[in-house]
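Student: Show me the folded form of this:
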Amino acid sequence: MKLRQLITVKIWLLIVFNCMAIYGQRSPKPNETFIAGYHEKVTGNDLQYESGIEGLSSTLISRVDAGNQKMEWLTAPISVENKGGEVTFVHYVGYYANRPGSIFNFYVDGEKQAEIALSGLKKTSWTLELKNNQKLSFEKFHEDKNHGYFGYLYYTVPAKNLKQGASIKLELTGNNEKSQTYFMVFKRDLTESVKVTALPALIKSEGKKFQTLLTEIISFKNAAKAQLSIDGKIDRVIDLKPGIQNLKILYPEVIKEKTVTFKLDLGDDQITTKVKLKPIKKWHVNFVQHSHTDIGYTRSQTEILAEHPRYIDYALDYCDATDDFPETSKFKWTCEASWAVDEFLNSRSQTQIDRLKQRVKEGRIEVTGMYFNFSELPDEQSLAASLAPIKNISDKGIKITSAMQNDVNGIAWCMNDYFNSLDIKYLTMGTHGHKALISFDTPLAFWWVSPSGKKMLTFRAEHYMIGNAFGVHTDNFDDFENNLLQYLIKLNERGYPYDKIAIQHSGFMTDNSPPSMKASKMIRDWNEKYEWPKIKTAIASDFFEDFEKQNGDELIEVKGHWPDWWTDGFASGAREVAATRNAHVDLIAGQGGLAMAKLLGSKMPKGISGRVFEANKALLFYGEHTFGAQESVSSPYSKATMEQREIKESYA
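Tutor: Have a look, this model is predicted:
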């Protein structure tokens with residue numbers, strides 16, 4: 001018999017003898033007790049992955065690529081009244097069933113119970129009969145675009161075999177099959193309950209204001225009609241299905257803290273919970289659209305040079321297109337890097353330059369002071385040279401009051417003094433926490449104090465495209481609504497003390513992104529529905545001007561160097577880094593020699609100042625954070641996927 005045939009026979013024997021598969025809908029029994037299968041992680045790899053259920057994305061994962069990707073977890077403690085019945089431990093799981101031959105091993109308290117062949121489980125529901133009258137069942141709830149199956153996994157055990165008050169350790173481990181086929185167990189305690197979360201939002205309806213209460217019901221009884229009561233008054237009847245169900249309830253605005261009782265009546269059972277409701281925090285949220293200048297990551301330097309000035313052309317047109325929008329949703333644009341603006345001013349007609357000046361004057365477009373987003377490679381002399389284009393911009397009548405550094409999690413201390421000398425008062429630091437450390441545990445506004453004692457109002461922001469993770473650049477209002485409100489809840493839980501926040505985003509989910517008007521439409525729709533939070537399109541300095549007036553006197557002062565945690569990447573381009581360091585030294589020496597020659601009366605070579613600037617400019621291009629060899633070139637699609645995952649992980 002051929003090897004392939006032997007393998008096929010072995011797989012099917014495993015299915016037949018180790019875990020007999022029975023297909024069909026699972027029916028809960030009257031004497032069945034449901035307990036949360038996942039309660040606490042023991043070991044395993046963590047991942048954020050969309051499950052098909054809102055708010056459920058944190059998971060453990062095992063793959064069949066090495067044979068050692070073990071994931072272990074503890075069930076909730078066992079509490080059973082009827083020893084003659086069955087106990088079912090409930091999980092929400094996901095697996096890939098589209099590749100044949102993948103086998104995962106299922107263990108209970110260290111003892112192997114089954115070999116699960118996923119190729120035989122491409123079904124809506126299935127049951128595997130295990131030894132000692134145990135069984136493993138699955139009910140599919142969702143199938144993603146990659147043909148992953150997601151749903152409820154039930155591990156059922158006779159109650160008499162269990163110890164009261166104890167937990168069981170469960171384990172799944174994939175075989176060594178050199179494949180990325182996965183099995184996930186989501187890190188969610190599925191104890192039967194009614195959980196109520198007050199969203200930080202007010203809706204006005206028929207002249208009254210209502211809070212939105214996100215109500216999650218977890219029940220694994222048979223499908224039934226259930227009554228939901230609030231403080232003894234029936235609110236609605238629900239078609240309750242086994243699993244997680246979410247619904248939104250409008251509740252009159254709470255002016256003073258109060259306790260509210262929710263009761264779910266299932267006929268032969270009841271679930272009751274009490275919730276403290278407080279007056280909502282009245283948030284002001286600025287959405288700041290920009291294009292992150294990242295040379296070499298998505299495209300080459302020559303392509304980027306043409307694109308970014310063109311984005312300013314688009315921004316001007318989008319300002320025109322939204323002039324009749326409400327003030328809070330008119331298109332606004334922040335030029336993250338002054339490099340693109342300098343190139344724009346040197347290449348566009350006077351008519352186009354006048355359009356830009358007018359929109360800057362109106363507060364619809366802002367020009368910021370950083371030439372690029374710099375790593376720690378440029379020295380103080382090069383960083384000073386990077387500010388030379390500000391004179392060209394200022395001479396055209398464009399005032400710069402703020403600076404923005406994104407993706408690099410630090411900035412040279414000398415920039416504080418440099419900015420102060422140019423009357424640039426504000427600094428936004430859009431962080432990127434992938435394999436890097438970020439200052440402070442939450443967004444923070446503070447006074448950054450220079451070595452000479454000058455102060456600059458600074459905001460350590462979230463990831464520079466966090467607004468894209470919320471979906472502000474899409475047409476999906478429901479996702480945007482949920483993501484923004486959940487973020488504000490988590491921001492409050494993280495200890496953010498203020499009611500104002502600035503959120504950066506791009507027109508599309510990628511670096512070097514062109515602008516888009518979709519955020520203006522999304523924000524317009526939001527403000528038509530919600531009284532609070534109040535959200536608006538904004539330029540970077542809008543946040544600082546309002547914030548300084550309200551909170552400036554109480555902010556902490558930080559006097560210190562701000563190192564960049566991406567610096568380890570320079571080791572991958574050691575030869576190039578050495579060349580630039582030598583060039584820095586030579587340039588400083590050459591400028592020193594020219595200065596002394598001029599002091600002694602020598603005539604300067606024709607065009608020398610321009611040549612010196614071009615030399616500095618070449619060094620600045622390498623000092624821009626991508627050319628510091630910290631990142632590798634990829635397509636915008638893979639970049640976008642990676643960014644979205646990292647952003648979500650950063651605030652989850």
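Student: got the contact list for residue 609?
Tutor: Not one residue lies near residue 609 by Cβ atoms under 8 Å, 6 or more residues apart in numbering. Just so you know, the C-beta spots here come from the backbone N, C-alpha and C atoms, and that holds for glycine as well.
Student: That one in helix, strand or coil?
Tutor: Under DSSP: H, G, I helix; E, B strand; the rest coil, residue 609 falls in the helix class.
Student: so what pLDDT did it get?
Tutor: Note on residue 609: pLDDT of 79.
Student: same thing with residue 251?
Tutor: As predicted, residue 251 sits at a pLDDT of 93.
Student: do residue 175 as well
Tutor: pLDDT, residue 175: 85.
Student: That one and residue 424: what is the separation?
Tutor: 59 Å (Cβ to Cβ, to the nearest Å).
Student: Which one's more surrounded, those two?
Tutor: Higher neighbour count among residue 175 and residue 424: residue 424, with 22 against 18, using other Cβ atoms under 10 Å.
Student: List the residues that contact the more buried one.
Tutor: Contact analysis of residue 424 by Cβ under 8 Å, 6+ apart lists 369, 400, 401, 402, 403, 456.
Student: my guess is the fourth one meets residue 429, correct?
Tutor: Pointing back at residue 402 there. No. Checked against Cβ atoms under 8 Å, the pair residue 402 and residue 429 is beyond contact range at 11.6 Å.
Student: Do a quick rundown of the helices in the stretch 351-500 of the chain.
Tutor: Along the stretch 351-500 of the chain, the stretches classed as helices by DSSP state H, counting those that start in this stretch are 380-385, 389-395, 414-421, 466-470, 477-493.
Student: Equivalent analysis for the chain, please.
Tutor: Counting by DSSP state H, one finds helices in the chain at the ranges 3-18, 301-321, 338-347, 350-362, 380-385, 389-395, 414-421, 466-470, 477-493, 518-529, 540-551, 574-599, 608-623, 636-651.
Student: Nearest approach to residue 75 belongs to which of those?
Tutor: Among these, helix 3-18 comes nearest to residue 75, with 22.4 Å by Cβ to Cβ.
Student: rewinding a little: okay, the helices of the stretch 351-500 of the chain, which one's buried deepest?
Tutor: helix 466-470 (a mean of 25; mean count of other Cβ atoms under 10 Å).
Student: Just the CA coordinates for it, please, in CSV.
Tutor: Extracted C-alpha coordinates of helix 466-470, given in CSV (Å, rounded to 0.1, in the frame of the first residue of the first chain):
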residue,chain,number,x,y,z
ILE,A,466,-6.0,54.6,16.1
GLY,A,467,-9.0,56.4,14.5
ASN,A,468,-8.7,53.9,11.6
ALA,A,469,-9.0,51.0,14.0
PHE,A,470,-12.3,52.5,15.1
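Student: and that helix, what does it pack onto?
Tutor: Here helix 466-470 touches strand 284-289, helix 477-493, strand 500-505, helix 636-651, going by 3 or more Cβ pairs under 8 Å, 6 or more residues apart in numbering; DSSP states H and E.
Student: Tabulate the helices of the stretch 351-500 of the chain (JSON lines), appending mean pLDDT and distance to residue 288.
Tutor: Below are the helices of the stretch 351-500 of the chain laid out as JSON lines (pLDDT from 0 to 100; distance: least, Cβ to Cβ, whole Å):
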{"stretch": "helix 380-385", "mean pLDDT": "84", "distance to residue 288": "24"}
{"stretch": "helix 389-395", "mean pLDDT": "88", "distance to residue 288": "19"}
{"stretch": "helix 414-421", "mean pLDDT": "92", "distance to residue 288": "19"}
{"stretch": "helix 466-470", "mean pLDDT": "94", "distance to residue 288": "8"}
{"stretch": "helix 477-493", "mean pLDDT": "93", "distance to residue 288": "14"}
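Student: Out of the ones you listed, which gets nearest to residue 253?
Tutor: helix 477-493 (15.8 Å).
Student: Give me the contact list for the closest one.
Tutor: 54-55, 197, 199-201, 212, 281, 283, 285, 442-443, 466, 469-472, 474, 501, 522, 525-526, 533, 535, 651-652.
Student: quick one: it to chain centroid distance?
Tutor: Computed by Cα atoms, centre = their mean, to the nearest Å, the chain-centroid distance of helix 477-493 equals 11 Å.
Student: Got the domain ranges for the protein?
Tutor: For the chain, the structural domains run 3-186, 193-277, 284-568+633-651, going by automatic domain parsing.
Student: Out of the ones you listed, which one sits most buried?
Tutor: Of these, domain 284-568+633-651 is the most buried (mean count of other Cβ under 10 Å), at a mean of 19.
Student: picking up where we left off before, could you identify the most distant pair in the contacts of residue 424?
Tutor: Using Cβ to Cβ, those span at most 13.4 Å, a distance reached by 400 and 456.
Student: Could you list the low-pLDDT ranges of the protein?
Tutor: Counting by pLDDT under 70, the chain has low-confidence residues at 1-30, 67, 100-101, 119-122, 567-569, 623, 625-652.
Student: what residues are up against the closest residue to residue 342 other than its chain neighbours?
Tutor: Spatial nearest neighbour of residue 342, chain neighbours left out: residue 389 (4.0 Å); criterion: Cβ to Cβ, 6 or more residues apart in numbering. Residue 389 makes contacts with 338, 339, 341, 342, 371, as judged by Cβ under 8 Å, 6+ apart.
Student: was I right about the fourth one contacting residue 393?
Tutor: Translated: residue 342. Yes. The criterion here is Cβ under 8 Å, and residue 342 meets it with residue 393 at 6.5 Å.
Student: what sits against residue 587?
Tutor: Residues near residue 587 by Cβ under 8 Å, 6+ apart: 381, 612, 615, 616, 619.
Student: Repeat the analysis, applying 10 Å as the threshold.
Tutor: Residue 587 sits next to 379, 381, 382, 385, 612, 615, 616, 618, 619 when contact means Cβ atoms under 10 Å, 6 or more residues apart in numbering.
Student: Adding distance to residue 155 as columns, could you present the residues you listed in TSV?
Tutor: Converted to TSV, the contacts of residue 587 look like this (distance: Cβ to Cβ, whole Å):
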residue	distance to residue 155
379	62
381	66
382	62
385	66
612	72
615	68
616	66
618	64
619	62
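Student: Identify, from these, the entry nearest to residue 560.
Tutor: Nearest to residue 560 out of the contacts of residue 587 is residue 379 (Cβ to Cβ; 19.3 Å).
Student: give me every residue that touches residue 225.
Tutor: By Cβ under 10 Å, 6+ apart, the neighbours of residue 225 are 237, 238, 239, 240, 265, 266, 267.
Student: Would you tell me which one of those residues comes nearest to residue 462?
Tutor: Residue 462 has its nearest neighbour among the contacts of residue 225 in residue 238, at 36.5 Å by Cβ to Cβ.
Student: ok, for that closest one, nearest residue in space, not its chain neighbours?
Tutor: Using Cβ to Cβ, 6+ apart and skipping residues adjacent in sequence, the residue nearest residue 238 is residue 226, 4.9 Å away.
Student: now swap in residue 132 and tell me
Tutor: That would be residue 161: by Cβ to Cβ, 6+ apart, it lies 6.8 Å from residue 132.
Student: isn't the one you found right up against residue 87?
Tutor: Yes. Using Cβ atoms under 10 Å, residue 161 is in contact with residue 87, at 8.6 Å.
Student: so residue 496 makes contact with residue 459?
Tutor: No. Judged on Cβ under 10 Å, residue 496 makes no contact with residue 459 at a distance of 11.8 Å.
Student: that older thread, I'd like the contacts of residue 225 laid out as CSV, including distance to residue 489.
Tutor: Supplementary listing: the contacts of residue 225 in CSV, determined by distance: Cβ to Cβ, whole Å:
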residue, distance to residue 489
237, 28
238, 24
239, 28
240, 26
265, 28
266, 29
267, 33
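Student: Which of these fall in strands?
Tutor: Of the contacts of residue 225, the ones assigned to strands by DSSP state E are 237, 238, 239, 240, 265.
Student: partner residues bridging the fourth one?
Tutor: Put plainly, it is residue 240. Residue 240 has these beta-bridge partners by DSSP bridges: residue 224.
Student: in terms of contact, does it touch residue 264 like I think?
Tutor: Yes. Residue 240 is in contact with residue 264 according to Cβ under 10 Å; the separation is 8.0 Å.
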